[in-house]
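Visitor: predicted model follows, preceded by the sequence.
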Amino acid sequence: MPTTGIVKGIISNLVIVEADGPVAQNEICMIDLSGTELMAEVIKVQNNQAFAQVFESTRGLKVGTGVHFTGNMLEATLGPGILSRNYDGLQNDLDRLDGVFLRKGDRNFPLDEKAEWSFKPLAGNGDEVVAGSWLGEVTENWIPHKVMVPFKLSGNYTVKWIAPSGDYTIREVIAVLTDTNGNETEVTMYQKWPVKLPVRAYKNKTRPFRIMETGIRVIDTLNPMAEGGTGFIPGPFGCGKTVLQHALSRQAEADMVIVAACGERANEVVEIFTEFPELIDARTGRKLIERTTIIANTSNMPVAAREASVYTAMTIAEYYRSMGLKILLLADSTSRWAQALREMSNRMEELPGPDAFPMDLPAIISNYYSRAGFVELSNGKTGSITFIGTVSPAGGNLKEPVTESTKKTARCFYALSQQRSDSKRYPAIDPIDSYSKYLEYEEVQNYISENISNDWVDKVVKVRDVLIKGREAQEQINILGDDGVPVEYHVRFWKSEVIDFIILQQDAFDPVDRLTPLKRQEYMINKLLEVIDSDMHFDSFEDVSSWFKKLINLFKQMNYSDFKSKEFSSYENEVDEMLIEIVKT
Amino acid sequence: MSEKIAFQKIYTRLTKITKATCSVKASGIGYDELAIVHGRLAQVVKIMGDEVILQVFSGTEGLPNNAELVFLGKAPSLRVDDDLAGRFLNAYGEPIDDGPALRGKEIEIGGPSVNPVRRKQPSHLIATGIAGIDLNNTLVTGQKIPFFADPDQPYNQVMATVALRAKADKIILGGMGLSNDDYLYYRNVFENAGALEKIIAFINTTEDPPVERLLVPDMALTAAEYFAVEKKQTVLVLLTDMTLFADALSIVSNRMDQIPSKDNMPGSLYSDLAKIYEKAVQFPEGGSITIIAVTTLSGGDITHAIPDNTGYITEGQLFLRRDAEIGKVIVDPFRSLSRLKQLVIGKQTREDHHQVMNSSIRLYADAANAKTKHENGFDLSDYDKRALSFAKDYSEKLLAIDINIDITTMLDTGWDLFANYFSPAEIGIKEEFVNKYWPGRKEN
Ligand SMILES: Nc1ncnc2c1ncn2[C@@H]1O[C@H](COP(=O)(O)OP(=O)(O)OP(=O)(O)O)[C@@H](O)[C@H]1O
Ligand SMILES: [Mg+2]
């Protein structure tokens, strides 16, 4: 018999329920608020008392109200039809909810139950299969969506029957499997999975080795992200975290992009809703919305569902990774998720850690990041989840628990600098503080040698050096005055400015500049290294700045022109002439 | 509060009284429900078994433990209909203007959020005549943006001016900890402008208990939603001062022994503020709610938890600053930002808007550098001197808050200033625009 209970205490969205039977941690229960069912998740069990966080407003809830426990944890529903959807943090399809306002207790089934999918079997009778094995395939938008052995099935199975090619709805049985004891299990095109548990239906997880192109120069060239890698973007408000994530969601080389808008502004999600159906993916020529799923749990939506939203998004990513796809998962902002944890922890009067965040925050964050990664599937194919989260540090100070915990686990650090943002040097990624650990991976270095060039890493290190030396020169100039330092200092400073203006800075709103393919980045770096390596002679510091301003302007025009177009080449010629001129004199 | 409820159980034994809350043993009480204790309004904030803990809005001073307590069976609510227009109300939504009691439909305040897929991208420019706003930090309907201001700056005057020029169908003022003088100032300004019939005000002054302020934003936004959703009107909500609202939040949470986070603020500050600011919305059917707020700073510190959390929620911020050079208050072009401006500039304004805005701010920055250089004892170049003269003129003719011109005039003024002090090459604007708008070169 399912466990039931009654409400004993209410503190905002924390409800204490006295249960009459067994209750599991993270079990979902339903609270009956005069006919409206409020969904809640058990987050602590003490004797026969369950502490549950309610996913909606508890206004009007009374002590003594009946509760029933569902026996399930919070689950994502996985099947064809998730692409292009807009879900809330609990995977309700927002477009199919009635009315302008979100009403208490409104829920729906996340998939289209009536749609028919054209199914093609991939497995045959008698095949040995395990959780995650591909049984068949349907085409979703343009992705070959695999119908898999449900992740929940453990052990070995044999395909007893598989449906012939044809049109089926997600509720129809498309395969029958037998376990080693001869018990039969029917499989449909959808399955459920508890969002807080990682999907482990793969053979092994390997170290990332391939670069994931984003078209953003300061990332690809200086701090590359790896396919299956992790990274985070901390920064004070207004420094460009969201603009950067939106650029990644538009441009990154991924089969599918999942955007979790977690506790941020609704208008920013509306921007995606408005633009993605119109924008074209430069690589496939298809509408961006075709490869995108949005999980929107904005700041005004219930706090507990905000916490769930990042897990829902990750579970969907794991499901599609199991099909052998490259997934990019973005979450803006993971700090809001941590704050949701903090709110609940405070309500439960748990012993607080630093800044009143829960003690186990570092573990929660690192468990989450560890669900990303590059995996080899049981059939030898590979898939990946690349995860990039933003962090919104209080007061812009990076010495705070969420930033510090994330820094320990994420491998790429894209620090946004207030100073760069104030001077409109976008994207405001600090070139010296930021890093990508993947550049140190032997696998990645090998990949770079084979796919870009042998000496690429050396070049990147050199560019970084130029930036550091430029910063030092600038400090000296500021202290001693323009004419208090040798002219050489000005040259050093301006060489770093060329890198800054031409590689680091990139106009996210310009149709050409916003996306620079790696090939073009390589070309530009080589071009700039010619400048760096030139031995230049100037008579006075005034000549240095005016010469470099002109050079930067030409390079900028190159950035704004189509690669190797007529204009591009003519600006390049002018650059070459300037260089010849200055080296000669 | 004098509302009398018949046939309601009267409790007469308070089990606990703290500075902001009281407790009573009771059953069948709903969370968030209102009660009247000793003639004061209170709201349920925690229920544990048969113990109900209530926050007393006007404070618990002098509250005896045998006080009469009656539950009202409902959450805080407001009566809404078209007659709300022109009314001045207190934090409970009760008239303070000698007018009749409200009669409209009773709606619970702090209602549900708009489904994000039902929102429309904000796209209508709000013209204020103030170039520091319209030219550099253009506002859009459906936006939420605060003034970050020191307490001695004239933010209430600027807000009143913006409100009157904004062409809104309704202006809803939520005053929290407003000084009586400022309250009367708003009243007079609206009255003199003949705009009283489109004003609705919810006022909590410094003389009223601080905890009552917690109701003001939700009251104001409930009224706003009525006019924006049901009447498809353009509604402008002014919230002043949100810092005092947040202070009231911290009073309650500290008195309930919650663990404070940064700057003694409750850990839920971000969510509490976001719930208010996210009520700003553009509806597809035409109605909209725009929120302009004030967050006063202490000592200009924007890393304090209140402005910091606000900055993470709102779509930009406006800074006021006294410019000693011209002796006037200006809208600071460096620190101010309207994040939605790109949705309208160059689209609903002239094509050169973006470039004129950027170039003039860059030149203004050059002037700031020249000033520092001068202060550090270095010589100024000819360019530096011209930049400084430009900056003074720019401040006077465009940044000052007493400007009232349309955006095209602002752009023309910008070009005049460029031409007065610089050559086209020094401005770095697209050739095409220079040919078209540079004074003396204009095609038409
Ligand atoms: N790459 C860019 N190019 C041009 N402008 C940018 C860029 N990045 C940021 N901006 C400007 O900065 C503003 C704020 O950026 P964004 O919304 O990404 O900040 P954020 O770090 O996400 O802030 P918050 O923490 O408050 O959400 C944008 O509205 C835009 O005006
Ligand atoms: Mg953001």
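Guide: Done, it's in. Ligands and ions are numbered 1, 2, ... in the order given.
Visitor: the closest residue to ligand 2 within the stretch 251-400 of chain B - nearest residue in space that isn't next to it in sequence?
Guide: Closest residue of the stretch 251-400 of chain B to ligand 2, CB to the ion: B:Y312 (7.7 Å). Heads up, the C-betas are built off the backbone N, CA and C, glycines and all. Leaving aside its sequence neighbours, B:Y312 sits nearest to A:F237 (CB to CB, 6 or more residues apart in numbering or on different chains; 4.5 Å).
Visitor: what do you get for B:D247?
Guide: Nearest to B:D247 is B:P210, by CB to CB, 6+ apart, at 6.9 Å.
Visitor: my guess is that neighbour meets B:G177, correct?
Guide: Yes: checked against CB atoms under 8 Å, the pair B:P210 and B:G177 is within contact range at 6.8 Å.
Visitor: and the gap between the residue nearest to B:D247 and chain A?
Guide: Going from B:P210 to chain A by CB to the nearest CB, to the nearest Å gives 21 Å.
Visitor: swap in B:T60?
Guide: According to CB to the nearest CB, B:T60 and chain A sit 20 Å apart.
Visitor: can you list residues touching both of B:P210 and B:G177?
Guide: Residues touching both B:P210 and B:G177 by CB atoms under 8 Å, 6 or more residues apart in numbering or on different chains: B:L244.
Visitor: those two: which has the busier surroundings?
Guide: Using other CB atoms under 10 Å in any protein chain shown, the more surrounded residue of B:P210 and B:G177 is B:G177, with 23 against 20.
Visitor: in a helix, that one, correct?
Guide: No: going by DSSP: H, G, I helix; E, B strand; the rest coil, the assignment for B:G177 is strand, not a helix.
Visitor: so what's it up against?
Guide: B:N204, B:T205, B:T206, B:P210, B:R213, B:D241, B:L244.
Visitor: what subset of those residues is buried?
Guide: B:N204, B:T205, B:P210, B:R213, B:D241, B:L244 (16 or more other CB atoms under 10 Å in any protein chain shown).
Visitor: tell me the spacing between the residue in the stretch 201-350 of chain B positioned nearest to ligand 1 and B:L398.
Guide: Nearest residue of the stretch 201-350 of chain B to ligand 1, counting by CB to the nearest ligand atom: B:R339, 3.7 Å away. Distance from B:R339 to B:L398, counting by CB to CB, to the nearest Å: 21 Å.
Visitor: the two: which is more packed in?
Guide: Using other CB under 10 Å as the criterion, B:R339 and B:L398 rank with B:L398 on top: 24 against 21.
Visitor: give me the pLDDT for the more buried one.
Guide: For B:L398, the model assigns a pLDDT of 96.
Visitor: hang on, it packs against B:G132?
Guide: Yes: here B:L398 reaches B:G132: they are 7.0 Å apart, a contact under CB under 8 Å.
Visitor: which residues of the stretch 151-300 of chain A fall in strands?
Guide: Taking DSSP state E, counting those that start in this stretch, the strands of the stretch 151-300 of chain A run over residues A:157-162, A:166-168, A:175-179, A:184-187, A:191-194, A:204-206, A:230-234, A:256-262, A:292-297.
Visitor: out of the ones you listed, flag the one nearest chain B.
Guide: Checking the strands of the stretch 151-300 of chain A against chain B by CB to the nearest CB gives strand A:292-297 as the closest, at 5.0 Å.
Visitor: do that closest one and chain B meet?
Guide: Yes: judged by CB under 8 Å from any CB of the partner chain, strand A:292-297 comes into contact with chain B at A:A296.
Visitor: show residues contacting that strand.
Guide: Applying CB under 8 Å, 6+ apart, the external contacts of strand A:292-297 come out as A:82-89, A:91, A:94, A:249, A:256-263, A:266, A:269, A:272-273, A:276, A:305-306, A:308-309, A:312-313, A:316, B:116-117.
Visitor: same thing with stretch A:551-559?
Guide: A:497-498, A:501-502, A:506, A:512-513, A:516, A:524, A:527-528, A:531, A:567-568, A:571-572, A:574-575, A:578.
Visitor: the residue lying closest to A:Y489 once chain neighbours are set aside: how many residues sit nearby?
Guide: Nearest non-adjacent residue to A:Y489, counting by CB to CB, 6+ apart: A:A473, 4.5 Å away. By other CB under 10 Å, the residues close to A:A473 number 21.
Visitor: how about A:A473, what does it touch?
Guide: A:V485, A:Y489, A:H490, A:R492, A:F493, A:S496.
Visitor: between these, which is nearest ligand 2?
Guide: Taking CB to the ion as the measure, A:S496 is the one of these closest to ligand 2, at 28.7 Å.
Visitor: how about the secondary structure of the closest one?
Guide: Secondary structure, three-state DSSP: A:S496 is helix.
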